[in-house]
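>>> here is my input; please provide its structure:
(one chain, ligands or ions: 2)
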Amino acid sequence: MKCRRCRRPAVVEVRRHNAAFCRPCFLHHVREQVRRAIARHDLIRPEDRVLVAVSGGKDSLALWDLLLELGYEADGLYLGLGIGEYSARSGEVARAFARSRGVTLVEVDLAREYGFDVPTAGRRGSRSTCAVCGLSKRYVFNRAALEGGYDVIATGHNLDDEAATLLGNTLRWQTEYMARQSPLLPSEPGFVKKVKPLYRVSELETAAYAFLRGIDYVVEECPLVAGNTQLRYKQAMNQLEQASPGTKAQFLLGYLERAAALFAAEDRSELRPCERCGQPTPGRFCAFCRARAQVLGERLEPVTDRELAHESSEEVLPAEVYGPAAVGGRPS
Ligand code: AMP
Ligand code: ZN
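Numbers count the residues shown, from 1 in each chain. Ligands and ions are numbered 1, 2, ... in the order given. The predicted structure is shown next:
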């Protein structure tokens, strides 16, 4: 096989594009897809301070690498979920990447900052483990970005993730979720802008990119994900893709271009500050504070004046910011 761009021997085949690439041309191809995604949807402006949510997996590390390569000012954010060895190794990998590039990794530990970890929340609360994990991630990403003064949060969701999510939402006609399925969620009061610059890049492509760039990443899936419905949708999409390459991209990109606007009106909720933590929510307490109270067996009360005074006097930040020199130098 020859490279589509330069005719030298190819190392990666991309069936969906009916193309193969040599190493430099493949890296160029991925970079171009991300550059175009950013330009098309105005995902990131050149002057923006970006916070990349880094799980230690191939997608988010590839994304961090790509954004740095494209010249953006991008710090990483690692959230310790407390999932045993898996989390320990994920944190190490994220710290090692930050060190190797001389960039900043912000770290938040769920147990230390909020008093519970994901396995405990899965056992004790009424939500599934994956639901409470997803909820905690969204909450902490937003809070860390607000407190760190970042303009945009970038996550490593790829084409496969987004197509699987769309399939799940479509099967149940969860139109209010479909309304928010976009590579760009603009900023709103209390919410930092969220972007998914890899939404046009498949999982195989991000894996090949990470491999060819020599990025060390955690290969194992989260051990708690077994039987997860998202995983089943991914498998179903993979079967369809196997039979007709390009199906995933047609499904997702076709939706974004032609159908997403139909559901835009479903995304309507009046928000006000959570009485516990101040983050915006449609109810009295935000979903994170409700889940946390349930897991800790506490009754949800509004923040007291005493707590408020305590917080402002000590300036408690939920995130510790590790500068380049300190990354990895602290116990995890
Ligand atoms: P997931 O929800 O595990 O499919 O991950 C989706 C995206 O969320 C990843 O690509 C990362 O950008 C981000 N992410 C997942 N887990 C973490 C974590 N522990 N810390 C920081 N970011 C994460
Ligand atoms: Zn709250």
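>>> host element of residue 76?
Using DSSP states H and E, residue 76 sits within strand 73-80.
>>> same for that strand, what does it pack against?
Using 3 or more Cβ pairs under 8 Å, 6 or more residues apart in numbering; DSSP states H and E, the elements in contact with strand 73-80 are strand 49-53, helix 58-69, helix 84-101, strand 105-109, helix 110-114, helix 129-148. Glycine gets a C-beta too; all of them are placed from N, C-alpha and C.
>>> and the fourth one, average pLDDT?
Averaging the model's pLDDT scores along strand 105-109 yields 98.
>>> list the strands paired with it, with their directions.
Note on strand 105-109: by DSSP bridges, its sheet partners are strand 73-80 (parallel), strand 320-322 (antiparallel).
>>> mean pLDDT for the ones you listed: which is lowest?
Among these, strand 320-322 carries the lowest mean pLDDT, a mean of 34.
>>> of all the strands paired with strand 105-109, which one is nearest ligand 1?
Among these, strand 73-80 comes nearest to ligand 1, with 3.6 Å by Cβ to the nearest ligand atom.
>>> what about that closest one, near ligand 1?
Yes: judged by Cβ under 6 Å from any ligand atom, strand 73-80 and ligand 1 are in contact via 77-79.
>>> most neighbours of all those residues, which one?
residue 77 (29 neighbours; other Cβ atoms under 10 Å).
>>> list the contacts for that one?
51-54, 105-108, 141, 144-145, 153, 319 (Cβ atoms under 8 Å, 6 or more residues apart in numbering).
>>> sorry, back to before: nearest to residue 216, of the strands paired with strand 105-109?
Taking Cβ to Cβ, strand 73-80 is the member of those nearest to residue 216, at 14.3 Å.
>>> next, the angle from the closest one to helix 84-101.
Calculated by axes from the mean of the first three to the mean of the last three Cα atoms, to 10 degrees, strand 73-80 forms an angle of 160 degrees with helix 84-101.
>>> name the SS class of residue 120, please.
helix (DSSP: H, G, I helix; E, B strand; the rest coil).
>>> pretty sure it sits against residue 294.
No: judged on Cβ atoms under 8 Å, residue 120 makes no contact with residue 294 at a distance of 11.3 Å.
>>> for ligand 1, what are the nearby residues on the stretch 51-200 of the chain?
Counting by Cβ under 6 Å from any ligand atom, the stretch 51-200 of the chain sits next to ligand 1 at 53-55, 59-60, 77-79, 81, 137, 155-157, 161.
>>> what is the nearest of the residues you listed to residue 233?
Of all those, residue 233 sits closest to residue 161, with 9.9 Å by Cβ to Cβ.
>>> packing partners for the host helix or strand of the closest one?
Using DSSP H and E, residue 161 falls within helix 159-171. If you count contacts as 3+ Cβ pairs under 8 Å, 6+ apart, helix 159-171 packs onto helix 175-179, helix 203-212, helix 229-243, helix 247-254.
>>> which one of those is the most hemmed in?
Comparing the helices and strands packed on helix 159-171 by mean neighbour count (mean count of other Cβ atoms under 10 Å), helix 203-212 ranks first with a mean of 20.
>>> report the angle between that one and helix 247-254.
Using the same axes, to 10 degrees: helix 203-212 against helix 247-254 is 100 degrees.
>>> what helices or strands is helix 203-212 leaning on?
Applying 3+ Cβ pairs under 8 Å, 6+ apart, one finds that helix 203-212 contacts strand 12-14, helix 23-41, helix 58-69, helix 159-171.
>>> could you rerun that using 6 Å?
Here helix 203-212 touches helix 23-41, helix 58-69, going by 3 or more Cβ pairs under 6 Å, 6 or more residues apart in numbering; DSSP states H and E.
>>> now, of these, which is deepest in the fold?
helix 58-69 (a mean of 24).
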